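Asks: Got a sequence here, can you model it:
(2 chains)
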Amino acid sequence: MTFVADLTEQLINGVTLGMVYVLLAAGLSIIFGVMDVINFSHGELFALGAYFALSISGALGVGVGFWTALVVAPLLVGIVGVAIERFTIRPLYGRNPLYHILLTFGLVLIINDLIKLVWGTQQRNLGVPGYLSQPVGVAGIQVSLYNYFMIVFAGALALGIYLFLERTKYGMIVRAGSQDRQMVRNVGIDIDKYYTLVFGLGAALAAVGGIVLGGYQSISTGMGNSVIIPAFIIVVLGGLGSFRGAVFGGLLVGIIRTITRTYGGTEFGEVAGITLSLPDLEGLTIFLLMIAVLLVKPQGLFGNPEFQDEGGEEGDLLTGADGGVFTDSVRMKLGAAAVGLLAIAPFAILLTGNDYYIILLNRVLIMAIFALSLDIVMGYTGLVPLGHTMFYGVGAYVAALVMIHYTSSFIIALFGAIVICALIAWIVGSLSIRVSGVYFAMITLAFAELFYNAVFKFQFTGGSDGLLGWDTFFGIAGIGAELNGINLLIAGFEITPNIVFYYTALILAVASLLFARRFMNAPFGSVLQSISEAEERAEFIGYDVTKYKRRAFVISGGMAGMAGGLLAVKPSTFIISPDQTLAWIHSGEVIVMTLLGGMGTLFGPMIGAGVFIGAEDILSSYTEQWRLVIGTIFVLFVLFVPRGLVSIPSLLVQRRQSAESDSPSVGFDESEVNTHD
Amino acid sequence: MTETVLETNGLTKRFGELTAVDHVDLEVEKGEFRSVIGPNGAGKTTTFNLITGALIPSEGTVRFNGTDITNMPPHERVHHGVGRSFQITNVFGGLTVRENVRLAAQSMYGDEISRREAMFRDKDSFDELTDRTTEILDKIGLRDRADVHADTLAYGDQRRLEIGLVLATDPELVMLDEPTAGMSSEETHETMTLISDVLSDQSLMLIEHDIDLVMRVSDRVTVLTRGQELASGTPEDIATNEDVRDAYLGGARDE
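Replies: From the prediction side, this is the model:
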């Protein structure tokens, strides 16, 4: 086959995949534009469409079934979308978009687990009518008819949506809403009613994408997870809220992905002794492209240049800092008591003769430091890094590489992790902080994905297996001992390497908290708090807001790097692989821990980390569907306890007080309070 | 001999096709109370934003005490002595009144706080800063309310705090953006009294559309229409200026 024919074939494949992205990104983009909702569950709605189609075509047979499914399944998913909007997202309007992340992250866990529960985890194939899967040859180019069908069908649908947005009254209101919501309200239109429509429509579009892709490749429970990040990239690349941007970006990313997959690493020949080859950049290019585009054109390729954060309308972040019922001295005593308990915990655990809970606590301590680091940026500067796990992951890799290649001293390894991560934070922060909150979130996500994909590519990072096999020296400059060689007997208790690690992590966690508390009460931290209160005002009393935010981000990045670096100190317990450290799900998890515990309190997120990991451990021992349960807990939390666990004492006090003042409802309220105790 | 504090030369700002501010030349002298008036769309707020740094001009320069500040970000202008108040009260609502003022004062002590101190020393342990905070609280009459959260203050007290924040940054020129918008005549009177009491040592530039108010308080008045300077002079000059009467005052009185 000639190169040109081959390239044309790949281009057609690229456009085919691109059309799926167009359907996904169009919905995501409109939802974001109109409602400010960053919908992480969009990928799961996409998967849900494919699974509904699977059942429908299974019941009706491949011929009729496929066509019926193509109509009915998107409608069903549309209804699911409407229900999600009505019952979970609607109560959150007016709050900061951050809460949508937590909510839709919970929905990801719920929908994904429901899919596994109903349809099982093995890969499935969606039958396509035989006449659609015939290969068609035109001028030596062999492509299945199904490709052309996908392009035409999705293209027609996209055109329909475009006409709907451009030519109808509803479409006009939706477009106006994505430009300036307040203005639409001012002219007397109840834009909120359209939210349900928009969300349902976006969900249905995603479902169509899932079905056509299901017929093209196959259906698996991971399909939503694999498309959601590219879909976000497309939306940002094309311009938030821009339909044209979603179409252009979708096709571009589809083509780039197909071409880099096919030709990445291919050698084209030699010129003057130098081998010409295309670097193998599959998975990296789209993130590099997005970063490049945002640096040149922060509003995206087709974005509205006047687009800005609607400062006035953006709801407050509900930090847990206000209205605490405990005085400072009580809080100090509670904190000291908690540290005291943690200090003797290993001995209590050892009495049971089971090492397992020490390993679990070790994870908790590492995640507690990670969550604390996130709180410094999220709770105190209002910036939401969607890719914070880049520091956690890079920290782990740096520490491991230092110990493999340079010195096995864990102190130097941790120091290296902190320095490298702080440096990366400085670079990422310099590129993104001055633009705006949404772009900061997206650029950090892109960088995290860049690192995630990069470690697969290189030999020295060990690819998908990650890094294995090194010894940790517990000390520095020859003074100390091999961590795995430590085995002491003190007062009848066996001091294992796990326990040594436990105390190390505990000391670092407490030190990190004290450090953060210290600078929050110093001039530097006071400025951070003024920024989170009123950013413009802080600028106009003379603070370089961008510089302060960047510094906070650098501190946070270094601290997260230390948390990740700790993983490498105990290689026999923790796995340093891309999926365990750099996958986007960890960025989501740490945001959840922070909100769960109570953002803006420093200690709250650390409690959140403990509760999260504890709940995960307990639930997973009882049921396969623990993600379903934990996802439901997040959704309920975000709806009813938005200030986090640390706000529960004051919520209880409030309830008791209102119960005392309104005597008729005493019985009801009292019983509610008791169930919480 | 009078000294020029603020000077703009050919100041111009275009938004696409629209020229919001068109070659405006202003000179504000030390100690002067200057007002800028004009009908809606005259370019008052854009001029204000160009001077405070919220916008960067398309053409022309802004000089402050002889220094070119045309392209400086707002926070640097504050350090050069250009302060501003907000039309909608904009204070740190979740912090105490004292902390609000202390933050504004701290911003001016930046050079005297070392990097280490900025990270590790208690923010309330800087004596000079504490004294300065107390001094400002006395001036704006909020010392007895210093430990309450700013968002629990009554509206009038929030305005006081707003002025206090500006004062704490020790400005030479204070830019005031319609400080009495939406106020009753009594509140307007109180606010203007507060401004003339507390900011008596500063040069002031007031952006306003209430002509009567402007005529009462200003040393000099500049009238803008369609982005251009129509006239500048004392309130008496402006009141008798034919162009101003035709183009602006007449029209405004008909409304």
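Asks: rest of the way, CA atoms for contacts and neighbours
Replies: Fine.
Asks: So what touches the strand or helix carrying A:Lys333?
Replies: If you go by DSSP states H and E, A:Lys333 is part of helix A:328-351. Helix A:328-351 is contacted from outside by A:355, A:357-358, A:493, A:499, A:503, A:506, A:510, using C-alpha atoms under 8 Å, 6 or more residues apart in numbering or on different chains.
Asks: List the contacts of the single nearest residue of the stretch 401-550 of chain A relative to chain B.
Replies: Residue of the stretch 401-550 of chain A nearest chain B, by C-alpha to the nearest C-alpha: A:Gly542 (4.0 Å). By C-alpha under 8 Å, 6+ apart, the contact list for A:Gly542 reads B:74-79, B:104, B:107-108, B:169.
Asks: Quickly find the element holding it.
Replies: Short version, using DSSP H and E: A:Gly542 is in no helix or strand.
Asks: so B:His189 is in which element?
Replies: helix B:185-198.
Asks: Pull out the buried residues from the helix holding A:Lys333.
Replies: For helix A:328-351, a neighbour-count test (16 or more other C-alpha atoms under 10 Å in any protein chain shown) marks A:346-347, A:350 as buried.
Asks: Just name the closest of these to B:Asn90, please.
Replies: Nearest to B:Asn90 among the buried residues of helix A:328-351: A:Pro346, at 51.0 Å, using C-alpha to C-alpha.
Asks: Please report how far that closest one lies from A:Asn362.
Replies: Using C-alpha to C-alpha, to the nearest Å, we find A:Pro346 at a distance of 11 Å from A:Asn362.
Asks: again with A:Val510
Replies: On the measure of C-alpha to C-alpha, A:Val510 and A:Asn362 end up 13 Å apart.
Asks: And A:Ala538, by the same measure?
Replies: 40 Å.
Asks: do the same with A:Gly209
Replies: Taking C-alpha to C-alpha, one finds A:Gly209 at 42 Å from A:Asn362.
Asks: and B:Arg132, what is it in contact with?
Replies: Contacts of B:Arg132 (C-alpha under 8 Å, 6+ apart): B:102, B:105, B:168.
Asks: Out of these, which end up buried?
Replies: B:102, B:105, B:168.
Asks: Might you specify the subset of the contacts of helix A:328-351 located within helices?
Replies: A:357-358, A:499, A:503, A:506, A:510 (DSSP state H).
Asks: residue ranges of the strands in chain B, please?
Replies: B:4-15, B:18-29, B:33-37, B:59-64, B:67-68, B:82-84, B:173-177, B:203-207, B:220-225, B:228-233 (DSSP state E).
Asks: more crowded one of A:Val510 and A:Asn362?
Replies: A:Asn362 (25 against 17; other C-alpha atoms under 10 Å in any protein chain shown).
Asks: Which pLDDT value goes with the more buried one?
Replies: For A:Asn362, the pLDDT comes out at 92.
Asks: And A:Glu536, by the same measure?
Replies: So, for A:Glu536, pLDDT stands at 87.
Asks: What of A:Gly492?
Replies: Listed pLDDT for A:Gly492 reads 67.
Asks: if we can go back for a sec, quick check, nearest of the buried residues of helix A:328-351 to chain B?
Replies: A:Pro346 (32.7 Å).
Asks: Most proximal residue of chain B with respect to chain A?
Replies: Closest point on chain B to chain A, by C-alpha to the nearest C-alpha, is B:His75, at 4.0 Å.
Asks: quick one on the thing from earlier: in helices only, show me the contacts of A:Gly542.
Replies: B:74-79, B:104, B:107-108.
Asks: Can you add neighbour count and pLDDT and give the residues you listed back as TSV?
Replies: Formatted as TSV, the ones in helices among the contacts of A:Gly542 follow (neighbours: other C-alpha atoms under 10 Å in any protein chain shown; pLDDT from 0 to 100):
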residue	neighbour count	pLDDT
B:Pro74	27	92
B:His75	24	92
B:Glu76	19	93
B:Arg77	22	93
B:Val78	28	93
B:His79	19	92
B:Ala104	27	93
B:Ser107	22	91
B:Met108	18	89
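Asks: Tell me the one among the residues you listed nearest to A:Ala368.
Replies: So of the ones in helices among the contacts of A:Gly542, ranked by how close each gets to A:Ala368 (C-alpha to C-alpha), first place is B:Ser107, at 33.0 Å.
Asks: In contact with the closest one, which residues?
Replies: So B:Ser107 contacts A:541-543, B:169 (C-alpha under 8 Å, 6+ apart).
Asks: Look up how far B:Asp170 lies from it.
Replies: Counting by C-alpha to C-alpha - B:Ser107 and B:Asp170 are separated by 10 Å.
Asks: Up against chain A, what does chain B have?
Replies: Selection of chain B residues close to chain A by C-alpha under 8 Å from any C-alpha of the partner chain yields B:74-79, B:83-84, B:90-94, B:103-104, B:106-108, B:117-124, B:165-166, B:169.
Asks: rewinding a little: return the most buried member of the strands of chain B.
Replies: Ranked by mean neighbour count, these are led by strand B:82-84 with a mean of 29 (mean count of other C-alpha atoms under 10 Å in any protein chain shown).
Asks: how far does that one sit from the chain's center?
Replies: 5 Å (C-alpha atoms, centre = their mean, to the nearest Å).
Asks: Name the strands paired with that strand and say parallel or antiparallel.
Replies: Using DSSP bridges, the strands paired with strand B:82-84 are strand B:173-177 (parallel).
Asks: Might one say that A:Gly81 is in contact with A:Ala207?
Replies: No: here A:Gly81 does not reach A:Ala207: they are 10.4 Å apart, not a contact under C-alpha atoms under 8 Å.
Asks: Compare the two (neighbour count), which wins?
Replies: Counting neighbours by other C-alpha under 10 Å for A:Gly81 and for A:Ala207 shows that A:Ala207 has the greater number, 33 against 22.
Asks: and the more buried one, what does it touch?
Replies: A:45-50, A:73-74, A:77.
Asks: Let's see that with 10 Å instead.
Replies: Residues in contact with A:Ala207 (C-alpha atoms under 10 Å, 6 or more residues apart in numbering or on different chains) are A:23-24, A:42-53, A:70, A:73-78, A:201, A:213.
Asks: Repeat that for A:Leu126.
Replies: A:50-51, A:53-55, A:57-58, A:62, A:66, A:211-219.
Asks: Who is the most centrally placed residue in chain B paired with across the strands?
Replies: With distances taken as C-alpha atoms, centre = their mean, chain B has B:Met175 as the residue nearest its mean C-alpha position (1.7 Å). Beta-bridge pairing of B:Met175 under DSSP bridges involves B:Arg84, B:Met205.
Asks: So which of the ones in helices among the contacts of helix A:328-351 wins on neighbours?
Replies: A:Leu506 (22 neighbours).
Asks: surely that residue meets A:Met367?
Replies: No: A:Leu506 is not in contact with A:Met367 according to C-alpha atoms under 10 Å; the separation is 11.5 Å.
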